[in-house]
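# Sequence and predicted structure below; questions after.
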Amino acid sequence: MSLRRLRVVGENTRMKTTYSGREGTGPTYEIEADRHGNYTVRLDGKVVKRVSALASYRGKPTWGSRKLEEDAIEDAKKAIEAFRTDAG
């Protein structure tokens, strides 16, 4: 028996991943992104950074896209590296 997730029309699914920096050392951040380009970065359960994508623009996919989600995760990783650089 296999389980699968049913999608509901209009559902905004979110992808979660963790990131510890390029070297893999230091604190582990949790990144949560959706298919519209929004993302949240958490450290020990506390929100460190939250970014909302543009609400509307010409050519924006109605249901979002995997590319926007992946770009949001990459942007979050860059933000984490900037935190680490600022902190020393």
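Perfect, thanks for sending it. Here the structure is a predicted model, which is why all the values come from computation and not from measurement. Residues are numbered from 1 along each chain as shown.

# Please give the element, helix or strand, for the residue nearest to residue 47 when sequence neighbours are not counted.
Spatial nearest neighbour of residue 47, excluding adjacent residues (CB to CB, 6 or more residues apart in numbering): residue 40 at 6.0 Å. Just so you know, the C-beta spots here come from the backbone N, C-alpha and C atoms, and that holds for glycine as well. Element membership of residue 40 [criterion: DSSP states H and E] is strand 39-43.

# So for this protein, the centremost residue is which one?
The centre of the chain sits closest to residue 33, judged by CA atoms, centre = their mean, with a distance of 2.7 Å.

# And the helices in this protein, which stretches?
Taking DSSP state H as the test, the helices found in the chain are 66-87.

# So, low pLDDT: which residues of it?
Residues of the chain meeting the criterion pLDDT under 70: 1-13, 84-88.

# Residue 64 reaches residue 38, doesn't it?
No: using CB atoms under 8 Å as the test, residue 64 is too far from residue 38 to be in contact (9.3 Å).

# Name the residues linked to the residue nearest to the centre of the chain by a beta bridge.
The partner list for residue 33 in beta bridges (DSSP bridges) reads residue 15, residue 39.

# That one against residue 49, yeah?
No: at 11.9 Å, residue 33 does not count as touching residue 49 under the criterion of CB under 8 Å.

# Please enumerate the shared neighbours of those two.
Listed contacts common to residue 33 and residue 49 are 40, 76; contacts here mean CB atoms under 8 Å, 6 or more residues apart in numbering.
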